[in-house]
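> Got a predicted structure plus its sequence, pasted below:
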Amino acid sequence: MFFINKIKIKMELKEAILKITNELKNDAGYRESWKANIAMAYIDNEHWYKQKTGKKHLNRKDKHIIANDAAEHFLKLLCDEYQFGDGR
(Lines give C-alpha, C1' and ligand atoms only; values in the text may rest on other atoms or scores of the structure.)
Protein backbone atom coordinates (compact mmCIF):
# COMPACT_ATOMS: atom_id res chain seq x y z
CA MET A 1 0.00 0.00 0.00
CA PHE A 2 2.81 2.42 0.86
CA PHE A 3 4.38 1.86 -2.58
CA ILE A 4 1.09 2.65 -4.35
CA ASN A 5 0.66 5.84 -2.32
CA LYS A 6 4.23 6.85 -3.13
CA ILE A 7 3.57 6.41 -6.86
CA LYS A 8 0.34 8.42 -6.56
CA ILE A 9 2.17 11.25 -4.78
CA LYS A 10 4.92 11.25 -7.42
CA MET A 11 2.31 11.50 -10.18
CA GLU A 12 0.49 14.33 -8.41
CA LEU A 13 3.79 16.14 -7.93
CA LYS A 14 4.72 15.61 -11.56
CA GLU A 15 1.34 16.98 -12.67
CA ALA A 16 1.71 20.00 -10.38
CA ILE A 17 5.20 20.77 -11.69
CA LEU A 18 3.98 20.35 -15.27
CA LYS A 19 1.14 22.81 -14.56
CA ILE A 20 3.54 25.38 -13.09
CA THR A 21 6.08 25.04 -15.90
CA ASN A 22 3.35 25.31 -18.55
CA GLU A 23 2.07 28.49 -16.90
CA LEU A 24 5.61 29.86 -16.76
CA LYS A 25 6.00 29.17 -20.48
CA ASN A 26 2.62 30.54 -21.56
CA ASP A 27 1.82 33.42 -19.17
CA ALA A 28 4.30 36.29 -19.44
CA GLY A 29 2.96 38.05 -16.35
CA TYR A 30 3.16 34.92 -14.22
CA ARG A 31 6.70 34.28 -15.45
CA GLU A 32 7.68 37.88 -14.68
CA SER A 33 6.35 37.54 -11.12
CA TRP A 34 8.47 34.44 -10.51
CA LYS A 35 11.52 36.13 -12.03
CA ALA A 36 11.03 39.20 -9.83
CA ASN A 37 10.67 37.10 -6.68
CA ILE A 38 13.81 35.09 -7.45
CA ALA A 39 15.77 38.26 -8.24
CA MET A 40 14.59 40.01 -5.08
CA ALA A 41 15.58 37.02 -2.97
CA TYR A 42 19.15 37.61 -4.14
CA ILE A 43 19.00 41.40 -3.78
CA ASP A 44 17.58 41.13 -0.24
CA ASN A 45 20.15 38.55 0.82
CA GLU A 46 23.02 40.57 -0.60
CA HIS A 47 21.82 43.59 1.39
CA TRP A 48 21.44 41.53 4.60
CA TYR A 49 24.86 39.94 4.08
CA LYS A 50 26.53 43.33 3.67
CA GLN A 51 24.77 44.61 6.79
CA LYS A 52 25.81 41.55 8.78
CA THR A 53 29.45 41.52 7.62
CA GLY A 54 30.04 45.23 7.12
CA LYS A 55 31.48 44.50 3.67
CA LYS A 56 31.06 46.96 0.84
CA HIS A 57 32.70 44.78 -1.82
CA LEU A 58 31.96 41.11 -2.33
CA ASN A 59 34.26 38.37 -3.52
CA ARG A 60 33.33 35.10 -5.21
CA LYS A 61 32.98 33.27 -1.88
CA ASP A 62 30.65 35.99 -0.55
CA LYS A 63 28.49 35.77 -3.67
CA HIS A 64 28.30 31.99 -3.35
CA ILE A 65 27.10 32.30 0.26
CA ILE A 66 24.57 34.96 -0.77
CA ALA A 67 23.28 32.86 -3.68
CA ASN A 68 22.68 29.85 -1.41
CA ASP A 69 21.03 32.01 1.24
CA ALA A 70 18.86 33.61 -1.46
CA ALA A 71 17.80 30.21 -2.81
CA GLU A 72 16.81 29.09 0.69
CA HIS A 73 14.97 32.37 1.28
CA PHE A 74 13.04 31.98 -1.98
CA LEU A 75 12.07 28.39 -1.13
CA LYS A 76 10.91 29.43 2.34
CA LEU A 77 8.75 32.16 0.82
CA LEU A 78 7.39 29.75 -1.79
CA CYS A 79 6.61 27.10 0.83
CA ASP A 80 5.22 29.65 3.33
CA GLU A 81 7.71 28.51 5.98
CA TYR A 82 8.32 31.84 7.71
CA GLN A 83 6.79 32.43 11.11
CA PHE A 84 5.62 35.99 11.74
CA GLY A 85 4.96 37.49 15.15
CA ASP A 86 1.50 38.67 14.09
CA GLY A 87 0.18 35.14 13.53
CA ARG A 88 0.56 35.06 9.74
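Thanks, I have it.

> what's residue 80 sitting at in phi/psi?
Here is the backbone geometry of residue 80 (degrees, to the nearest 10): phi 50, psi 50.

> With residue 59 instead?
Here the main-chain torsion angles of residue 59 (degrees, to the nearest 10) amount to phi -100, psi -180.

> just the helices in this structure please.
With helices called from DSSP state H, the chain shows them at 2-26, 28-53, 60-78.

> so the longest one versus helix 2-26, what angle?
Comparing the axes of helix 28-53 and helix 2-26 via axes from the mean of the first three to the mean of the last three Cα atoms, to 10 degrees yields an angle of 100 degrees.

> re the thing from before, make TSV out of the helices of the chain and add mean pLDDT and mean neighbour count.
Where you see a C-beta, it was placed from the backbone N, CA and C, and this is true even at glycine. As requested, these are arranged in TSV below (pLDDT from 0 to 100; neighbours: other Cβ atoms under 10 Å):
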stretch	mean pLDDT	mean neighbour count
helix 2-26	85	10
helix 28-53	98	13
helix 60-78	97	14
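
> quick one: residue 9 and residue 75, what's the gap?
19 Å (Cβ to Cβ, to the nearest Å).

> Ok, residue 39 next?
For residue 39, the distance to residue 75 (Cβ to Cβ) stands at 15 Å.

> what's the answer for residue 38, then?
From residue 38 over to residue 75 the distance is 10 Å, taken as Cβ to Cβ.

> and for the two, which residues touch both?
Among the neighbours of residue 38, none is also in contact with residue 75 (Cβ atoms under 8 Å, 6 or more residues apart in numbering).

> tell me the contacts of residue 44?
So residue 44 contacts 70, 73 (Cβ under 8 Å, 6+ apart).

> can you do 7 Å?
Taking Cβ atoms under 7 Å, 6 or more residues apart in numbering as the criterion, residue 44 is in contact with residue 73.

> From residue 26, how far out is it?
Counting by Cβ to Cβ, the gap between residue 44 and residue 26 amounts to 28 Å.

> Could you give the backbone dihedrals for residue 56?
Backbone geometry at residue 56, expressed as degrees, to the nearest 10, gives phi -100, psi -30.
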